[in-house]
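S.K.: sequence isn't available, so here's the structure alone:
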């Protein structure tokens, strides 16, 4: 109990804790909180290079991974992050075939709450599912993707990967190309990158550009050369056929011809451009194989960094919200 | 607010400890320094420089952040989490003699956390503890091998170690009246 009286101050950062119980999205996060997550993730990344990749920080904490949508990368990444921090993890995957209504979700959550987990990592096909749980649950809720709304840990790991390569976010030209309409990755990335001062361009077929997208401080175009020209970062988004109800473009082949990232298009960007993709990739649709596997690709770095960023989020939220101390 | 060690005293003390290290280990073969963040790292780097002057040999030096090993980490359910900083041990600790360096030895809890963290990096041949100040009041069975200064203190006093690298001056100050 007795904390050492010796204070160990170094270069003190702007904030030392997140001002929240849950991570629901990037939209309500402040820039200094984002920086804290990224800085903490740098310390966490080193743990992955140790012979024993485990620290006792979250010993005795229980984390439930509640996935209502299929996911390999994100679920595995969270699970590894939890295990590296010594948390007890529980995976619940619920078939996505049935449409899960709010009430059912709430009931599931309340039943889980009765078993007193400390954190719930939730992925759900309905936008706002995490906000619903955050209102009714005592546990910390971490959004692992809700419908077409947000996927905050993906945006944080993207930012971490960009910062690792470019040493900054501010002033970079970031071109995001693909299915803008259905992408929660896009929304979280727009919030994060604009808050951190990046120059964000979004590009896709006119049918897949949300009408109010410019409201978020980004530039939108359907001319891929304009978006990619002089870009520091090109981020490709998956064409989400499973979410498309209707014809948004003539064919996948035509999409590739007009928007697909090829080596020829890559040459329009800065010479040290990096290519990102949140996965899973559709090779030959949004990205050519030689680009995905080429020297500019940091796609596998993104996956590796995902673990470190999720460890940072889990660790920072495990302490609870600061304002609760006073209560 | 009495200054118990000034810059000269700190410099002479580190030189003395460096000589003790060489004497006790019969040289610096297979030694490595690991400083506990933040000020232990500065002290470890200074000791490495002095050891090089004395013996001509480089002693590998690393930095250890013990935050994730603290025993009070999840005790208080709510509140801000302590800041985690990067651990950098760019060498294998297997079969080396590790000189663990911290600024102040007090309850011994930081040292306990550092020992647990180190063991996760490998199996050193031995670990020796170096502290600039031992202020007493141990709560765990831990003892330093090299002590810069034994400083009797009351529990409500606090010992502030300030070093050029982080505080723009070298001094150890004994402050009255609880937590700083």
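M.R.: Perfect, I can see it now. Keep in mind that this is a model prediction, so the values were computed, not measured.
S.K.: helices or strands up against the longest helix along chain B?
M.R.: Criterion DSSP state H: the longest helix present in chain B is helix B:7-25. Packing partners of helix B:7-25 (3 or more C-beta pairs under 8 Å, 6 or more residues apart in numbering or on different chains; DSSP states H and E): helix B:39-55, strand B:126-134, strand B:146-150, strand B:171-175. The C-beta positions use only the backbone N, C-alpha and C, and glycine is treated the same way.
S.K.: to residue A:216, which of these lies closest?
M.R.: Among these, the nearest to residue A:216 by C-beta to C-beta is helix B:39-55 (42.5 Å).
S.K.: how about the closest one: buried residues?
M.R.: B:39-44, B:46-48, B:50-51, B:55 (16 or more other C-beta atoms under 10 Å in any protein chain shown).
S.K.: what of stretch B:102-117?
M.R.: B:102-115, B:117.
S.K.: which ones, among these, also lie beside chain A?
M.R.: With C-beta under 8 Å from any C-beta of the partner chain as the criterion, those include B:103-104, B:106-107, B:109-110, B:117 near chain A.
S.K.: any low-confidence regions in chain A?
M.R.: A:1-14, A:95-103, A:245, A:320-327 (pLDDT under 70).
S.K.: state which helix of it is the longest.
M.R.: helix A:299-318.
S.K.: now that helix: buried residues?
M.R.: So for helix A:299-318, counting by 16+ other C-beta under 10 Å, buried means A:299, A:301-303, A:305-318.
S.K.: is chain B within reach of it?
M.R.: Yes. Contact of helix A:299-318 with chain B (C-beta under 8 Å from any C-beta) involves A:312, A:315-316, A:318.
S.K.: cool, and stretch A:106-114?
M.R.: No. Using C-beta under 8 Å from any C-beta, stretch A:106-114 stays clear of chain B, with a minimum separation of 15.8 Å.
S.K.: hang on, the earlier thing: could you dump the residues of helix A:299-318 next to chain B into JSON lines and include distance to residue A:145?
M.R.: Output for the residues of helix A:299-318 next to chain B, formatted as JSON lines (distance: C-beta to C-beta, whole Å):
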{"residue": "A:312", "distance to residue A:145": "18"}
{"residue": "A:315", "distance to residue A:145": "21"}
{"residue": "A:316", "distance to residue A:145": "19"}
{"residue": "A:318", "distance to residue A:145": "21"}
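S.K.: which SS class is the spatially most central residue of chain B?
M.R.: Among the residues of chain B, the one closest to the centroid is residue B:102, at 1.0 Å (C-alpha atoms, centre = their mean). Classification of residue B:102 by DSSP: H, G, I helix; E, B strand; the rest coil places it in strand.
S.K.: that one and residue A:73, how far apart?
M.R.: Distance of residue B:102 to residue A:73, given as C-beta to C-beta, to the nearest Å: 40 Å.
S.K.: swap in residue A:92?
M.R.: 18 Å.
S.K.: try residue A:151
M.R.: For residue A:151 relative to residue A:73 (C-beta to C-beta), the value is 11 Å.
S.K.: same check, this time on residue A:113
M.R.: 27 Å.
S.K.: over to residue A:41?
M.R.: Counting by C-beta to C-beta - residue A:41 and residue A:73 are separated by 17 Å.
S.K.: one more: residue A:211?
M.R.: With C-beta to C-beta as the criterion, residue A:211 and residue A:73 are 30 Å apart.
S.K.: do stretch B:49-67 and chain A meet at all?
M.R.: Yes. Against chain A, stretch B:49-67 shows contacts by C-beta under 8 Å from any C-beta at B:65, B:67.
S.K.: neighbours around the residue nearest to residue A:106 when sequence neighbours are not counted, how many?
M.R.: Excluding its sequence neighbours, the residue lying closest to residue A:106 (C-beta to C-beta, 6 or more residues apart in numbering or on different chains) is residue A:136, at 5.9 Å. Counted with other C-beta atoms under 10 Å in any protein chain shown, the neighbours of residue A:136 add up to 13.
S.K.: flag every buried residue along stretch A:150-169.
M.R.: A:150-166, A:169.
S.K.: quick check, that stretch touching chain B?
M.R.: No. Using C-beta under 8 Å from any C-beta, stretch A:150-169 stays clear of chain B, coming no nearer than 13.2 Å.
S.K.: before we move on, what about stretch A:59-78?
M.R.: Yes. Using C-beta under 8 Å from any C-beta, stretch A:59-78 comes into contact with chain B via A:59-61.
S.K.: most neighbours among those residues, which one is it?
M.R.: residue A:61 (19 neighbours).
S.K.: give me the residue from the stretch 151-300 of chain A nearest chain B.
M.R.: residue A:164 (13.2 Å; C-beta to the nearest C-beta).
S.K.: shouldn't that residue be within a strand?
M.R.: No. Applying three-state DSSP, one finds residue A:164 to be helix, outside a strand.
S.K.: now do the contacts for it.
M.R.: A:301, A:305 (C-beta atoms under 8 Å, 6 or more residues apart in numbering or on different chains).
S.K.: for residue B:32, which three-state class applies?
M.R.: Assignment for residue B:32 (three-state DSSP): strand.
S.K.: typo on my end, residue B:80
M.R.: coil.
S.K.: residue A:318 is in contact with that one, correct?
M.R.: No. Between residue B:80 and residue A:318 there is no contact under C-beta atoms under 8 Å: 11.1 Å.
S.K.: does the closest residue to residue B:80 other than its chain neighbours sit in a helix, a strand or a coil?
M.R.: Spatial nearest neighbour of residue B:80, excluding adjacent residues (C-beta to C-beta, 6+ apart): residue A:17 at 3.1 Å. Judged by three-state DSSP, the three-state class of residue A:17 is coil.
S.K.: from what I can see residue A:17 touches residue A:319, true?
M.R.: Yes. The pair residue A:17 and residue A:319 passes the contact test of C-beta under 8 Å, sitting 6.7 Å apart.
S.K.: between these two, point out the one with more neighbours.
M.R.: Using other C-beta under 10 Å, the more surrounded residue of residue A:17 and residue A:319 is residue A:319, with 21 against 18.
S.K.: can you tell me the closest non-neighbouring residue to the more buried one?
M.R.: Leaving out its chain neighbours, the residue that sits closest to residue A:319 by C-beta to C-beta, 6+ apart is residue B:81, at 3.9 Å.
S.K.: neighbours of the one you found, how many?
M.R.: Neighbours around residue B:81, by other C-beta under 10 Å: 22.
S.K.: residue contacts, it?
M.R.: A:16-17, A:315-316, A:318-319, B:73.
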